[in-house]
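Engineer: how would this look folded up:
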Amino acid sequence: MKSLLDTSAYVALRRGHLLVSQAVRESEELCFSMVVLGEILFGFRNGSRYEENLKELEEFLAKPLVTLQVVTRTTADRYGRIASSLRRQGTPIPTNDIWISAHVFEAGAELLTLDDHFAVVPGLPFRRFLP
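Structural biologist: Next comes the predicted model:
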């Protein structure tokens with residue numbers, strides 16, 4: 001099974017969240033969205049442990065199990081479809097989370113998250129963990 005970590009799941013993993021850690025261990029491949037990477041780097045730059053956090057992130061991304069999902073034309077098309085669907089439903093979610101959802105579909109993965117608003121994305125395979 002492929003899994004894609006959103007920002008909340010990556011943070012939970014780093015903090016030793018047992019269920020997130022178990023889901024990561026059970027994954028055959030971990031997809032990591034460039035959008036999630038941007039959110040994480042933003043958080044690091046606003047914290048007091050930038051170098052330490054960056055080193056841990058680089059070690060994580062270097063694992064053979066981890067694949068970085070770049071934004072492609074397919075991602076952009078999926079983003080547009082999801083955003084349009086959510087607008088029609090009247091159920092907006094944060095823009096970055098629409099991009100992350102597009103990456104989940106493109107990768108054929110299951111999203112690992114602590115956020116519940118992904119439930120409004122039609123057909124999105126996700127697993128939500130409690131904090």
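
Engineer: where do the strands sit along this protein?
Structural biologist: 2-5, 29-33, 66-69, 110-113, 126-128 (DSSP state E).

Engineer: Mind listing what's buried along the last one?
Structural biologist: Of the residues in strand 126-128, those buried under the neighbour-count criterion (16 or more other Cβ atoms under 10 Å) are F126. Using the backbone N, CA and C atoms, a C-beta is placed for each residue, glycine as well.

Engineer: Stretch 88-102 too?
Structural biologist: Buried residues in stretch 88-102 (16+ other Cβ under 10 Å): 93, 97-102.

Engineer: which one of those sits closest to M34?
Structural biologist: Nearest to M34 among the buried residues of stretch 88-102: W99, at 8.5 Å, using Cβ to Cβ.

Engineer: any idea which helix is longest in this structure?
Structural biologist: With secondary structure taken from DSSP state H, the chain has its longest helix at helix 73-89.

Engineer: pLDDT on it, on average?
Structural biologist: What helix 73-89 shows for mean pLDDT is 97.

Engineer: which other helices and strands contact that helix?
Structural biologist: helix 95-107 (3 or more Cβ pairs under 8 Å, 6 or more residues apart in numbering; DSSP states H and E).
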